[in-house]
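*Asks:* kindly generate the corresponding structure for this input.
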Amino acid sequence: MKQLTGCGTALLTPFRGGEVDYEAFAATVDWQVATGIDFLVPLGTTGETPTLSESEKLQVLEVTLNHADGKPVMAGVGTNSLNGTLANMRLLQDADAFLVVVPFYNKPPQRGMYQYFKAVAQATDKPIVLYNVPGRTGSNIEPETVLQLAKDVPNIIGIKEASGKFDQAQKILNDRPNGFKLFSGNDEDTLKLMQAGADGVISVASNVFPSAMVDFVRALQANKAEEAQKMHNRLMPLFKALFVEPNPIPAKAAMAQLGLMENSLRLPLVKATEETEALIKQTLQELF
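*Replies:* Reported below is the predicted structural model:
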C-alpha cells in the first residue's frame, strides 16, 4: 500500500462551458505534484462529485492517476446507499484507496453506520478511509463506532475527521489501533489535531497555495511548534475565506483569480458573491 500521510489535496474539478476542463485539471494535478503534495483526493466534496456523470468520474480519476507521478490517489466513492457506493468502487477500481463519507440524508444510527462501512470494506481489498462531515451529511459517526470499525475491519485504515469536535478526534487518537490514521478534514483544525497526533490533513486550501500547506504540514511533522504556529497564523485568513460560502464556491473564485481555471460551477452551486470575490482578492494579495 502506498503511504497515506501528510498533506493531501481535495481536488477541485474545473469546468469550462459547462463541461469538465480536463486540460486545466491535469495542469492542476501537475502543479500539486511539483509542489510536493503527499497524496491526491479527487472526486470528493470539493470536486462537486454529485454533479459528475460516471464517465466524467472515470476520466477525472484517469487524469489524476496519469499525472500523479506515483503519489497515492484516494478517490471519493461514498453515497447514501450501499449499492451506490459499491458501484462507484467498481467504476473507480484503479484508485489506490477509497474515501467513503458517512451516508447523508438517511441519518442512520451508529449500528447502521457500522454495518454499512463493514460491508463497503469487505467488498474490496483496497484501503478505506472514513469521512465524517456532519455539517454536510446530517449525521456524526461517534468515536466508539470508528474505533470498533478500526479494530474489526483490517482495511479500514483511517478517518478524515471534519466534525470540528476536538474531543471526538482526541478519543480516536488516544484509543486507535496501531496504524489507524486520522486526517484533519478542516484546514483550520490541522495545527491542533496534528499536534495531538493526527497524521495529516486532506486540504481545500492546498488547491490554492500547495507549497505553503506542504511547508506547514512538514513543520508539524518535525515538531517545529513555533514555526508551525507562524504558518498557521499566516494561512488562517485563507482558511477562513475559503469557507465564507459553501465549499468549493470560494476556492473556485480563488483559482480563477490565480488564472488556473475558469470560475465555473454546476448547479445547484453558483459563483461567489461580489463580497466573497473581494475578500478572496484581498486574502491572496496579502499572501502572495
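*Asks:* A strand includes Thr46, no?
*Replies:* No: applying DSSP: H, G, I helix; E, B strand; the rest coil, one finds Thr46 to be coil, outside a strand.
*Asks:* that one: what's it in contact with?
*Replies:* Ala10, Leu11, Leu12, Val204, Asn207, Asn247, Pro248, Ala251 (CB atoms under 8 Å, 6 or more residues apart in numbering). C-beta coordinates here come from the backbone N, C-alpha and C atoms, glycine included.
*Asks:* need the pLDDT of it.
*Replies:* pLDDT for Thr46: 98.
*Asks:* quick check: mean pLDDT of stretch 254-271?
*Replies:* For stretch 254-271, the mean pLDDT works out to 98.
*Asks:* check what contacts it and list those residues.
*Replies:* In contact with stretch 254-271 (CB under 8 Å, 6+ apart) are residues 12, 14-18, 21, 24-25, 27-28, 31, 48, 51, 207-208, 241-242, 246, 248-249, 252-253, 272, 277, 280-281, 283-284.
*Asks:* which of these count as buried?
*Replies:* 12, 14-15, 21, 24-25, 28, 31, 48, 207-208, 241-242, 248-249, 252-253, 272, 277, 280, 283-284 (16 or more other CB atoms under 10 Å).
*Asks:* where along the stretch 1-150 of the chain do the helices fall?
*Replies:* Ranges of helices in the stretch 1-150 of the chain, per DSSP state H, counting those that start in this stretch, are 22-34, 54-67, 82-91, 110-122, 134-137, 143-152.
*Asks:* now render those as TSV, adding mean pLDDT.
*Replies:* Shown next, in TSV, are the helices of the stretch 1-150 of the chain (pLDDT from 0 to 100):
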stretch	mean pLDDT
helix 22-34	98
helix 54-67	98
helix 82-91	98
helix 110-122	98
helix 134-137	96
helix 143-152	98
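*Asks:* those helices: which one's closest to Arg234?
*Replies:* Ranking the helices of the stretch 1-150 of the chain by proximity to Arg234 (CB to CB) places helix 22-34 first, at 20.1 Å.
*Asks:* list of residues touching the closest one?
*Replies:* Helix 22-34 is contacted from outside by 9, 11-14, 16, 40, 59-60, 63-64, 66-69, 71, 206-207, 210, 255, 260-262, using CB under 8 Å, 6+ apart.
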